[in-house]
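>>> Let's see this in three dimensions:
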Amino acid sequence: MRRAFVALSVLLLGVSLGSSALHAQADRVSIQVTDVRGNAIPFAFVQITKGVSRVADDSGRAVFSVKNADSLNLQVRRIGFDPFSGWTKRRNESGAFVVDLIPLPRTLDPVTIAGRRDTPLARTGFYDRVERIQRGSYSARMITPEEMDLRNPIRLSQVLAGESMVKVTPYNGKAVLMGRGIACAMTILLDGQRLTGTYEEAVGNPSPPPMSSLGSIDEIINAQSIAAIEVYGSAAAVPAELQRVAGGRMAQGCGLVAIWTGSRR
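So this is what the prediction gives:
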């Protein structure tokens, strides 16, 4: 009798685990971002009900692990297109939720739908790292062009204030980007090169440069020119390609802020 009970318990456990696996699979929903002609819009910012957000891949697809539903309340943004905010339904019973963005009228450069390597920011590897982080390869805070456009900051320090992986700290009356450790200033990259001449170089440095030769990030970098930002809270989390550029300062174990300027497309 006891053996039969154990066997039945194991059987029920297997059924339960199987149901859980099926339930987990059912909870993965796909959102496809296209233009009004059905062309995929790569790297769009997709957010569900002002909660979890992801950046679509180069095929305009973003996958979320959320409870299945007939419709989703979404916010979708991409530079050059009218933002979408509202409810959307599946195009068919088993397919993705589809959001069509309408191009904004422009008097400057025309809007083009480009692949992964055909946009300036994509060529920096930014979106490659976004995908790797979304897969869990690294832990980082990626501030996309859409977020920069939405915030429209006056100073760089305004963008990073309140972020968990970097502390904007007053130093000599100026904003300095600090890591989690004591006297641990962030390494700053600007367009793929290590930025020198900032107050971060004086923090924790036994032989700092003359203060008169240094400036704050807000004085050196124009916030309006920033396309995107990457923030890594520790040296261990920094991808190898950025560590090589950062150089020896990363050996201190502090984090890194990579700033990319130029077009926000």
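>>> so who does the closest residue to Glu230 other than its chain neighbours touch?
For Glu230, the nearest residue in space outside its immediate sequence neighbours is Ala258; the separation is 4.1 Å by Cβ to Cβ, 6 or more residues apart in numbering. Every residue, glycine included, has its C-beta placed from N, CA and C. Remark: with contacts taken as Cβ atoms under 8 Å, 6 or more residues apart in numbering, Ala258 is in contact with 188-189, 192, 229-232, 242.
>>> Kindly report the same for Pro145.
Contacts here follow Cβ under 8 Å, 6+ apart; on that basis Pro145 touches 79, 121, 227-228, 264-265.
>>> try Ala227
120-121, 145, 148, 260-264.
>>> what's the helix or strand for it?
Element membership for Ala227 (DSSP states H and E) is strand 226-232.
>>> which residues sit against the following helix or strand past that strand?
Past strand 226-232, heading to the C-terminal end, the next element that is a helix or strand (DSSP H and E) is helix 240-246. The set of residues external to helix 240-246 that reach it, using Cβ under 8 Å, 6+ apart, is 125, 187, 189, 192-194, 230, 232, 235, 238, 250, 256, 258.
>>> now the residues you listed: which count as buried?
Taking 16 or more other Cβ atoms under 10 Å as the criterion, what is buried in these is 125, 187, 189, 230, 232, 235, 238, 250, 256, 258.
>>> From those residues, which shows the smallest pLDDT?
Among the buried ones among the contacts of helix 240-246, Met250 carries the weakest pLDDT, at 59.
>>> buried ones in stretch 160-180?
Neighbour-count burial for stretch 160-180, with 16+ other Cβ under 10 Å as criterion, is recorded at 160, 163, 165-168, 171, 174-179.
>>> ok, and what's touching that stretch?
Stretch 160-180 has contacts (Cβ under 8 Å, 6+ apart) with 140-141, 155, 157, 184-186, 188, 198-200, 202-203, 211, 215-219, 229, 231-234, 254-255, 257.
>>> Now go through those and say which are in helices.
157, 217-219 (DSSP state H).
>>> neighbour-wise, which of those residues leads?
Ile217 (25 neighbours; other Cβ atoms under 10 Å).
>>> Can you tell me the closest non-neighbouring residue to that one?
On the basis of Cβ to Cβ, 6+ apart, the spatially nearest residue to Ile217 that is not a chain neighbour turns out to be Leu156, at 5.2 Å.
>>> rewinding a little: quick check: the two most widely separated of the contacts of Ala258?
Of all pairs drawn from these, the one with the longest distance (Cβ to Cβ) is Gly192 and Val231, at 15.8 Å.
>>> Spatially, what comes nearest to Ile79 if we skip its sequence neighbours?
Spatially, and ignoring its direct neighbours in sequence, Ile79 is nearest to Arg264 (4.8 Å; Cβ to Cβ, 6+ apart).
>>> Dihedrals phi and psi, that neighbour?
Phi and psi for Arg264, reported as degrees, to the nearest 10, are phi -90, psi 20.
>>> With Gly262 instead?
Summarising the backbone geometry of Gly262 under the convention degrees, to the nearest 10, its torsions are phi 110, psi -150.
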